[in-house]
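**Student:** predicted structure and sequence below. I'll ask about it afterward.
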Amino acid sequence: MTTTTQPARGRSRQVSQTPLAALGEIRTCLLPHSTTLDIQATEELLALIPGANVVSRDRPGPLAFSPPRAVGVDCHLSRGGTATARIVGTVASTAILVGGRISQVSSHVTVVRAPQKLRRSWSHYVSRVGTVEIIGTLPDREGADQQLTDAYRAMPTSDSADMAFLDIASVCARQLDELRYSPLLDQSPPLLAPTTRLRWTARVGKEKATSVYFEYHRDDQPRTLTVTVQRAEDLPTARRFCEDVAAHDWLLTVINAKVLAANGFGGGYARQVEVLAPVLEHLAHLWMPGAHVPDEIRSLWRKLQTDPGFSRQWDTRVAQLEHRIAVATYHAARGGYPADDH
């Protein structure tokens, strides 16, 4: 895969091309900084492209987006049945900061058919940030959207995927590293937390109905999120929905990991508090599923609240943390912690 990094350059002369599908990856981690970033520090951190504006909002909670960055790609789409489909265009990446604490990079493409069979000049592709064109014919022309999303979900999950194929994961990983190793950050987060990956696809359903399917994978494999929308115009809002799901899946991952870690301390209440209290102090207030998702696609969150039940899991874990901290406070009031704390 040949890549060239370019800044976003305005809008292109639009060609009528119906999107076949949108494909993306989102990486989420704790911002490696000792304090919550205010809006001024956030805008300075996310100003990845000189002269481009950071988009932000304060309510119902702080949320900020960097300008999109484009990485040029000229490669095959995937392995298997779509291997002969060549794509040319750009992968768009946006850095996101949630509540001044959670950092994300969202990399994605919208796939369209090329209006002609010959490759065009780079100026055409770079001016259409986040769009890739298929040059050639997919084996199944009628079911091209399903074929594209199935092929993308089946791609290798490591960052060392064959570079002859579309590798959104590597683009996303590089730009997240750029963000979190910024000299503006002090690399002293208030707690240790993992980085999660979510691979997502979105397409327009033949029956014009919305649907969502979330699949959790262990062993450091990316979660997958499959979204079906009613109209091609809804694909950008589907991406925002996926970013919101990725942030809340990360919160659940962190709180589950901390409860598991605290279990290893048995009756060592002081150690349990050291592990659990930072989650309540720095992350609990960030749980707002759907608050930053456009109205037209917010109904998808209701489906995830039923199965797998995001908020039900979160509320249970938060209550568990609060009870454990209350027990530790009780022991402290009685004159100290059990002897095995020392």
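**Tutor:** Good, I have the coordinates.

**Student:** from now on I want contacts and neighbour counts done on CA atoms only, so please keep to that.
**Tutor:** Noted.

**Student:** quick check: residue 66 vs residue 46, distance?
**Tutor:** Distance of residue 66 to residue 46, computed by CA to CA, to the nearest Å: 5 Å.

**Student:** hmm, I was thinking of residue 69
**Tutor:** 11 Å.

**Student:** number of nearby residues for residue 294?
**Tutor:** Residue 294 is flanked by 14 other residues according to other CA atoms under 10 Å.

**Student:** and the helices in the stretch 201-342 of the chain?
**Tutor:** Using DSSP state H, counting those that start in this stretch, the helices of the stretch 201-342 of the chain run over 235-263, 269-282, 299-306, 310-333.

**Student:** give the buried residues for the third one.
**Tutor:** Translated: helix 299-306. 300, 301, 303, 304 (16 or more other CA atoms under 10 Å).

**Student:** tell me the one of the residues you listed nearest residue 147?
**Tutor:** Closest approach between the buried residues of helix 299-306 and residue 147, by CA to CA: residue 300, at 22.9 Å.

**Student:** how many other residues sit next to residue 63?
**Tutor:** 20.

**Student:** per-residue pLDDT, the residue nearest to it when sequence neighbours are not counted?
**Tutor:** Distance criterion CA to CA, 6 or more residues apart in numbering; nearest residue to residue 63, sequence neighbours excluded, is residue 98 at 4.8 Å. On pLDDT, residue 98 comes in at 97.

**Student:** with residue 324 instead?
**Tutor:** Confidence score, pLDDT, at residue 324: 85.

**Student:** kindly report the same for residue 277.
**Tutor:** Here, the pLDDT recorded for residue 277 equals 92.

**Student:** I'd like the distance between it and residue 196.
**Tutor:** Applying CA to CA, the value for residue 277 to residue 196 is 22 Å.

**Student:** in terms of neighbours, single out the busier of these two.
**Tutor:** residue 196 (21 against 17).

**Student:** kindly provide the distance from the more buried one to residue 41.
**Tutor:** Look at residue 196 and residue 41: by CA to CA, they are 24 Å apart.

**Student:** and what of residue 304?
**Tutor:** Per CA to CA, residue 304 is found 33 Å from residue 41.

**Student:** and for stretch 36-45, what's in contact with it?
**Tutor:** The contact list for stretch 36-45 (CA atoms under 8 Å, 6 or more residues apart in numbering) reads 54, 64, 66, 97, 99, 100, 101, 179, 182, 184.

**Student:** name the nearest of these relative to residue 312.
**Tutor:** Relative to residue 312, the closest of the contacts of stretch 36-45 is residue 99; by CA to CA it sits at 21.7 Å.

**Student:** the helices of the stretch 201-342 of the chain into a markdown table, with extra columns for distance to residue 19?
**Tutor:** Below are the helices of the stretch 201-342 of the chain laid out as a markdown table (distance: least, CA to CA, whole Å):
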| stretch | distance to residue 19 |
| --- | --- |
| helix 235-263 | 9 |
| helix 269-282 | 40 |
| helix 299-306 | 21 |
| helix 310-333 | 30 |
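
**Student:** give me whichever of these is most buried.
**Tutor:** Greatest average neighbour count among these goes to helix 235-263 (a mean of 20), per mean count of other CA atoms under 10 Å.

**Student:** could you check the angle helix 310-333 makes with that helix?
**Tutor:** Here helix 235-263 runs at an angle of 30 degrees relative to helix 310-333 (axes from the mean of the first three to the mean of the last three CA atoms, to 10 degrees).

**Student:** who's in contact with residue 247?
**Tutor:** 28, 102, 104.

**Student:** and the stretch of helix or strand residue 28 belongs to, what does it pack against?
**Tutor:** Assigning secondary structure by DSSP states H and E places residue 28 in strand 21-30. Applying 3 or more CA pairs under 8 Å, 6 or more residues apart in numbering; DSSP states H and E, one finds that strand 21-30 contacts strand 102-113, helix 144-153, helix 168-180, strand 196-204, helix 235-263.

**Student:** let's see that with 6 Å instead.
**Tutor:** Strand 21-30 sits against strand 102-113, strand 196-204, with contacts defined as 3 or more CA pairs under 6 Å, 6 or more residues apart in numbering; DSSP states H and E.

**Student:** of these, give the one that comes closest to residue 151.
**Tutor:** So among those, strand 196-204 is nearest, using CA to CA, at 10.3 Å.
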